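Participant: Here is the input, now give the coordinates:
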Amino acid sequence: MKTERLTVSQAVVRFLAEQHVQRDGAVSPFFGGVVGIFGHGNLAGVGQALLQYRDRIRYFQARNEQAMVHMGTGYAKMRNRLGTLACTTSIGPGATNMVTGAATATVNRLPVLLLPGDIFSTRRAGPVLQQLESGWSQDISVNDAFKPVSRYWDRINRPEQLPAALLEAMRVLTSPADTGAVTLALPQDVQAEAHDFPVPVFEPRVWHVPRNRPDGALLAQAVEALRRSERPLVVAGGGVIYSEATETLRQLVEETGIPVAETQSGKGSLPFDHPLCLGALGVSGSAHANGLANDADLVLGIGTRYTDFTTASLSLFRSDAVFVNVNVAELDSHKHFAIALTGDARATLEPLREALAGWSAPEAHRQAATVAATTWRADVERTVRVQGGDADLPTQAEAIGLVNDSASPEDVVVCAAGSLPGDLHRLWRTRDPKGYHLEYGYSCMGYEVAGAIGAKLAAPDREVYSMVGDGSWLMLSADLLTAVQEGIKVIVVLIDNHGFGSIGSLSEQSGSQGFGCRFRFRGEDGQLSGDPLPLDLAANARSLGAEVLEAGTAAGLREALGRARESTRATVIYVEIDPAARFGGSGAWWDVPISEVSELESTQAARREYEADRGGQGPYLGGMAEALDALGGRP
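Facilitator: You can find the predicted model right below:
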């Protein structure tokens with residue numbers, strides 16, 4: 001076999017530049033570039049290779065290693081998992097800074113490739129700078145920390161290992177069911193080592209992403225269960241959007257009359273104004289969607305992981321509800337003892353729709369769903385309208401409404417953590433399947449700016465809005481400089497509510513009195529109860545090179561949004577909001593255990609309420625048994 005002599009790093013970069021992905025006949029490059037920060041552990045290896053092949057694959061300079069992984073995750077989410085970025089770091093802290101980003105990608109089932117430098121494979125110079133020594137093994141480094149947060153992990157101790165590792169990495173990255181963070185740890189001596197690699201390793205390669213179909217017998221069971229149901233409900237998760245099944249879902253629900261409630265990842269599965277779209281479900285959902293979920297006798301979950309926010313900590317659905325789950329991952333399709341349709345969402349909904357031809361949910365259920373959806377939309381429109389004068393400080397709901405009004409249907413809102421995700425889930429009026437981009441599987445503070453940059457790289461023709469609170473901004477915003485450097489236009493709406501607003505509210509509800517959640521000086525009582533800290537977040541943003549607009553009123557925010565759309569570069573809109581102005585809840589419960597004993601009356605009261613609330617919590621077990629009885633499937 002013909003070979004080519006390259007260093008391990010050169011071989012890695014050459015390989016990445018030739019990887020493509022195909023689904024439904026459309027072929028596109030899988031890697032949109034490499035993001036990195038150089039140190040002694042990757043400069044002379046991967047850095048040299050990126051310099052040598054700079055015309056084959058683009059390099060982006062990052063400011064924080066966690067942020068660079070968020071860029072890759074945002075890119076992958078925007079590309080429906082059909083592409084990502086690779087991330088290179090030095091050894092030591094540069095590598096471990098990526099662990100949080102890796103967990104974020106893996107929890108959300110989104111592909112990203114991590115290439116951390118590692119200690120010497122030969123051990124001839126150990127312990128090297130930044131090496132973690134272990135008293136029980138020399139075959140360990142800080143990169144072992146990536147193992148629990150990676151879907152595939154390998155350390156390349158010899159050049160001969162590289163081809164097989166690269167191919168396994170791509171298998172996982174392009175797998176609809178098994179994807180997530182992939183870590184290939186590269187010892188810094190091996191990075192520079194030369195080897196005669198087989199030439200076919202570097203030839204263009206196309207990875208086919210299949211649309212797997214479920215088992216036929218299980219599909220027949222699911223059809224029969226649906227036909228028997230009287231109050232069915234669709235729970236639309238991210239799999240609907242990743243598989244591009246939104247049009248098939250629309251046809252199914254219009255023909256059958258089954259209403260749709262959406263998870264954070266599934267928001268946009270139906271447009272906001274669809275008559276059978278109930279909007280957000282669960283803890284951050286609407287009372288209207290949750291009301292129908294409480295009464296559903298069958299739940300058709302499509303592409304959802306059923307997190308505690310979706311199920312209200314196993315208190316939202318009836319204990320005897322039948323579950324039919326459509327998911328590419330067997331782990332998720334079997335949850336809640338469901339009739340498990342393990343397969344691609346679109347490839348499963350198509351035959352399901354055909355088999356249900358002529359059947360419709362009872363007219364009374366369709367009418368109840370239509371009324372709930374109409375009432376929900378009216379509630380949203382009322383909540384996001386500016387209630388006070390244009391000269392007043394806006395509420396967060398009003399700020400969301402103003403941003404939504406400014407955005408075009410195809411534009412994208414990006415968010416991740418704090419009080420904003422819950423409000424956006426309930427209030428953002430999504431008109432395009434890719435218009436809502438929330439990282440809420442890991443709820444990672446600091447994702448917002450970097451994730452928005454990744455989303456913009458994946459969809460340069462769309463306007464991308466990053467909505468971020470002051471807490472998340474202070475954690476991780478420096479990579480806005482990367483957007484400035486690259487001429488990447490994102491609009492960052494920086495909302496200041498003077499502290500950790502979401503957790504502060506939860507602290508109040510939990511009897512902890514908002515302790516430690518506000519940005520204040522230490523007061524005379526020795527606590528953080530003094531005057532507000534003198535933060536100048538607008539100046540902070542300005543120091544990163546972005547155009548900064550300050551909006552102190554609702555009218556000012558409206559004007560700033562218009563100016564930001566006209567701008568050609570990264571823009572930050574700083575807006576202070578009224579932190580006390582909140583709107584109604586979802587009617588759903590979230591299990592946050594309260595201290596069983598306490599000297600504080602506030603905690604004691606919260607514990608009493610907690611004990612009363614958790615009485616409705618329990619596993620969903622009865623429905624599957626009843627479904628099997630009805631179908632003759634149980635001995």
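Participant: Now the residue lying closest to Ile488 once chain neighbours are set aside: which helix or strand?
Facilitator: The shortest distance from Ile488 to any non-neighbouring residue, by C-beta to C-beta, 6 or more residues apart in numbering, is to Lys456 (5.3 Å). C-beta: built from backbone N, CA, C; applies to glycine. For Lys456, the host element (DSSP states H and E) is helix 447-458.
Participant: Now the element after that helix, going C-ward?
Facilitator: Criterion used, DSSP H and E; the element after helix 447-458 is strand 464-469.
Participant: what does that following strand rub up against?
Facilitator: Strand 464-469 is contacted from outside by 400, 403, 407, 411-415, 417-420, 424, 448-449, 451-452, 455-456, 477, 489-497, 501-502, using C-beta atoms under 8 Å, 6 or more residues apart in numbering.
Participant: Filter those down to the ones in helices?
Facilitator: The members of the contacts of strand 464-469 that map onto helices under DSSP state H are 400, 403, 420, 424, 448-449, 451-452, 455-456, 501-502.
Participant: Find the pair from the residues you listed with maximum spatial separation.
Facilitator: Farthest pair in these (C-beta to C-beta) is Lys456 and Gly501. Separation: 26.3 Å.
Participant: higher neighbour count, the two?
Facilitator: Counting neighbours by other C-beta atoms under 10 Å for Lys456 and for Gly501 shows that Lys456 has the greater number, 27 against 24.
Participant: Make sure the more buried one is actually in contact with Val490.
Facilitator: Yes - look at Lys456 against Val490 with C-beta atoms under 8 Å: they come within range, at 5.4 Å.
Participant: which residues do these two both contact?
Facilitator: Shared contacts of Lys456 and Val490, defined by C-beta under 8 Å, 6+ apart, comprise 464, 483.
Participant: re the thing from before, quick one: buried ones out of the contacts of strand 464-469?
Facilitator: Among those, the ones that count as buried by 16 or more other C-beta atoms under 10 Å are 400, 403, 407, 411-415, 417-420, 424, 448-449, 451-452, 455-456, 477, 489-497, 501-502.
Participant: okay, which residue is most central for the chain?
Facilitator: By C-alpha atoms, centre = their mean, the chain has its centre lying nearest to Glu439, at 2.6 Å.
Participant: Contacts for stretch 304-316 next, please.
Facilitator: Contact with stretch 304-316 is made by 109, 235-239, 263-266, 281-284, 290, 293-294, 317, 325, 327, 332, 335-336, 440-441, 588-591, 613-614, 616-620, as judged by C-beta under 8 Å, 6+ apart.
Participant: redo that, cut-off 7 Å
Facilitator: 235, 237, 239, 263, 266, 281-284, 290, 293-294, 317, 332, 335-336, 588-591, 616-620 (C-beta atoms under 7 Å, 6 or more residues apart in numbering).
Participant: On the strand side of things, show who the closest residue in space to Ala11 that isn't next to it in sequence bridges to.
Facilitator: Spatial nearest neighbour of Ala11, chain neighbours left out: Phe197 (5.2 Å); criterion: C-beta to C-beta, 6+ apart. Taking DSSP bridges as the rule, Phe197 bridges to Glu4.
Participant: was I right about Phe197 contacting Gln10?
Facilitator: No - judged on C-beta atoms under 7 Å, Phe197 makes no contact with Gln10 at a distance of 9.0 Å.
Participant: What residue spans form the domains of this structure?
Facilitator: Using automatic domain parsing, the domain ranges for the chain come out as 3-208, 216-376+618-631, 385-576.
Participant: Looking at those, which is nearest to Ala606?
Facilitator: Closest to Ala606 of the domains of the chain is domain 385-576 (C-beta to C-beta; 3.2 Å).
Participant: Any buried residues in stretch 68-81, and which?
Facilitator: Residues of stretch 68-81 classed as buried: 68-81 (neighbour count, 16+ other C-beta under 10 Å).
Participant: ah, wrong one, I meant stretch 544-554
Facilitator: By 16+ other C-beta under 10 Å, the buried positions in stretch 544-554 come out as 544, 546-551, 553-554.
Participant: Which of those fall in strands?
Facilitator: Counted as lying in strands by DSSP state E, out of those, are 547-551.
Participant: can those go into CSV with extra columns for distance to Trp376 and pLDDT?
Facilitator: Converted to CSV, those look like this (distance: C-beta to C-beta, whole Å; pLDDT from 0 to 100):
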residue, distance to Trp376, pLDDT
Glu547, 37, 97
Val548, 36, 98
Leu549, 33, 98
Glu550, 34, 96
Ala551, 29, 95
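Participant: rewinding a little: distance check, the residue nearest to Ile488 against Val548.
Facilitator: Distance, Lys456 to Val548, using C-beta to C-beta, to the nearest Å: 18 Å.
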